[in-house]
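K.L.:
Have a look at this fold, sequence not included:
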């Protein structure tokens, strides 16, 4: 499953319409393969909302789409892959950066809107684009260990006072171009899926599971010091084909087998985490744990629209326990 993040509804409208996404809540839309999250502006907002959303579904990729101001002379309406991401505060770059693609434009995520020429001038030597949220999304994705990509459409020349008005006027035009670009990206990914189908007849891979399959195949090849063809031959594909499973279920079982071979402990941790999350979900609560399993604390959240719902959630909180999390953190579970 793909997580698409965009700052505002205006620029996301084209994606919602093209991929027939259904509204889950005001900032979240989804179908079977895509979840679209509206992060709002600002790196803190972006990292927080993305981090809270990542545990909700089995995401294999995060894609940030949106507008960006040009610090050079790029044409408005052009879409570029982001090569590297930098955080900028008080017009100064932070120490942590992220490489996204090997080719593309460098993007600066700023805490403030760059509407003055003097401020834009100070940033021109650091990158070609400036936005408000991509670095925050990348930070959350990288921390969770989920692959990250970013594509930006040039909406204006950074440092112009009327930039906001230009973006509002062209919002739907930009949203359509971004949705078309996303569709082309998925189409190119789908070509790889077709190749996998030929290798593994009787299995069904989606965009996200195809990406995971390729990554696991490469990891197993490195770990076991065998070629990818040899790893492919060693997989229990024939055994799974003989079982009364749907092609999608076969693919899921195959991926689970591969993940367990790559890292048996990680696979067990993931299962323990899913079990813990499900126990909280049944009570209408969401538990978010440290993806690196270093911090023993967890974030427990819920939604309530009335006082009665609030009281019900408070009562639910009283009945839950973090004992299971403590056991996982202490390694108190079987890895057999």
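P.N.:
Right, received. Where do you want to start? These numbers come from a predicted model, not from an experiment.
K.L.:
contacts and neighbour counts: CA atoms only from here.
P.N.:
Noted.
K.L.:
Quick check: residue 328 is in a helix.
P.N.:
Yes. Assessed with DSSP: H, G, I helix; E, B strand; the rest coil, residue 328 lies in a helix.
K.L.:
Which pLDDT value goes with it?
P.N.:
On pLDDT, residue 328 comes in at 75.
K.L.:
Equivalent analysis for the one 3 residues further on, please.
P.N.:
According to the predicted model, the pLDDT of residue 331 comes to 68.
K.L.:
and if you look at residue 101?
P.N.:
As predicted, residue 101 sits at a pLDDT of 87.
K.L.:
Just the helices from the stretch 151-300 of the chain, written as ranges.
P.N.:
Applying DSSP state H, counting those that start in this stretch to the stretch 151-300 of the chain gives helices spanning 163-169, 171-199, 207-224, 228-234, 237-242, 247-262, 264-281.
K.L.:
Quick check: the gap between residue 45 and residue 140.
P.N.:
Using C-alpha to C-alpha, to the nearest Å, we find residue 45 at a distance of 11 Å from residue 140.
K.L.:
Who has more neighbours out of these two?
P.N.:
residue 140 (22 against 17; other C-alpha atoms under 10 Å).
K.L.:
Which secondary structure state is assigned to the more buried one?
P.N.:
Recorded secondary structure, residue 140: helix (three-state DSSP).
K.L.:
Now render the helices of the stretch 151-300 of the chain as JSON lines, adding mean pLDDT and distance to residue 145.
P.N.:
Putting those into JSON lines (pLDDT from 0 to 100; distance: least, C-alpha to C-alpha, whole Å) gives the following:
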{"stretch": "helix 163-169", "mean pLDDT": "67", "distance to residue 145": "33"}
{"stretch": "helix 171-199", "mean pLDDT": "77", "distance to residue 145": "20"}
{"stretch": "helix 207-224", "mean pLDDT": "82", "distance to residue 145": "12"}
{"stretch": "helix 228-234", "mean pLDDT": "87", "distance to residue 145": "23"}
{"stretch": "helix 237-242", "mean pLDDT": "91", "distance to residue 145": "27"}
{"stretch": "helix 247-262", "mean pLDDT": "88", "distance to residue 145": "14"}
{"stretch": "helix 264-281", "mean pLDDT": "80", "distance to residue 145": "12"}
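K.L.:
Of all these, which one is nearest residue 2?
P.N.:
For the helices of the stretch 151-300 of the chain, the distance to residue 2 is smallest for helix 207-224, at 6.4 Å, taking C-alpha to C-alpha.
K.L.:
And that closest one, what's buried?
P.N.:
Applying a neighbour-count criterion of 16 or more other C-alpha atoms under 10 Å, the buried positions in helix 207-224 are 207-213, 216-221.
K.L.:
Remind me what it packs against, helices and strands.
P.N.:
Where contact means 3 or more C-alpha pairs under 8 Å, 6 or more residues apart in numbering; DSSP states H and E, helix 207-224 is packed against helix 171-199, helix 228-234, helix 247-262.
K.L.:
follow-up on the earlier one: need the helices of the stretch 151-300 of the chain in JSON lines with distance to residue 109, can you?
P.N.:
JSON lines is the format used below for the helices of the stretch 151-300 of the chain (distance: least, C-alpha to C-alpha, whole Å):
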{"stretch": "helix 163-169", "distance to residue 109": "16"}
{"stretch": "helix 171-199", "distance to residue 109": "19"}
{"stretch": "helix 207-224", "distance to residue 109": "27"}
{"stretch": "helix 228-234", "distance to residue 109": "39"}
{"stretch": "helix 237-242", "distance to residue 109": "45"}
{"stretch": "helix 247-262", "distance to residue 109": "34"}
{"stretch": "helix 264-281", "distance to residue 109": "32"}
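K.L.:
Ok, which of the helices and strands packed on helix 207-224 comes nearest residue 50?
P.N.:
Among the helices and strands packed on helix 207-224, the nearest to residue 50 by C-alpha to C-alpha is helix 171-199 (19.1 Å).
K.L.:
and the residue most central in space within the chain, what element?
P.N.:
The residue lying closest to the centre of the chain (C-alpha atoms, centre = their mean) is residue 62, at 2.4 Å. Using DSSP states H and E, residue 62 sits within strand 61-70.
K.L.:
Need the contact partners of that strand.
P.N.:
1-7, 11, 128-131, 134, 137, 141, 146-158, 174, 178, 208 (C-alpha atoms under 8 Å, 6 or more residues apart in numbering).
K.L.:
What subset of these is buried?
P.N.:
1-7, 11, 128-131, 134, 137, 141, 146-158, 174, 178, 208.
K.L.:
before we move on, back to that, which one of the helices of the stretch 151-300 of the chain lies closest to residue 301?
P.N.:
For residue 301, the closest of the helices of the stretch 151-300 of the chain is helix 264-281, at 9.9 Å, according to C-alpha to C-alpha.
K.L.:
by how many degrees do that closest one and helix 247-262 diverge?
P.N.:
Angle between the axes of helix 264-281 and helix 247-262 is 130 degrees (criterion: axes from the mean of the first three to the mean of the last three C-alpha atoms, to 10 degrees).
K.L.:
Please point out which parts of helix 264-281 sit buried.
P.N.:
For helix 264-281, a neighbour-count test (16+ other C-alpha under 10 Å) marks 265, 267, 268, 269, 272, 273, 276, 277, 280 as buried.
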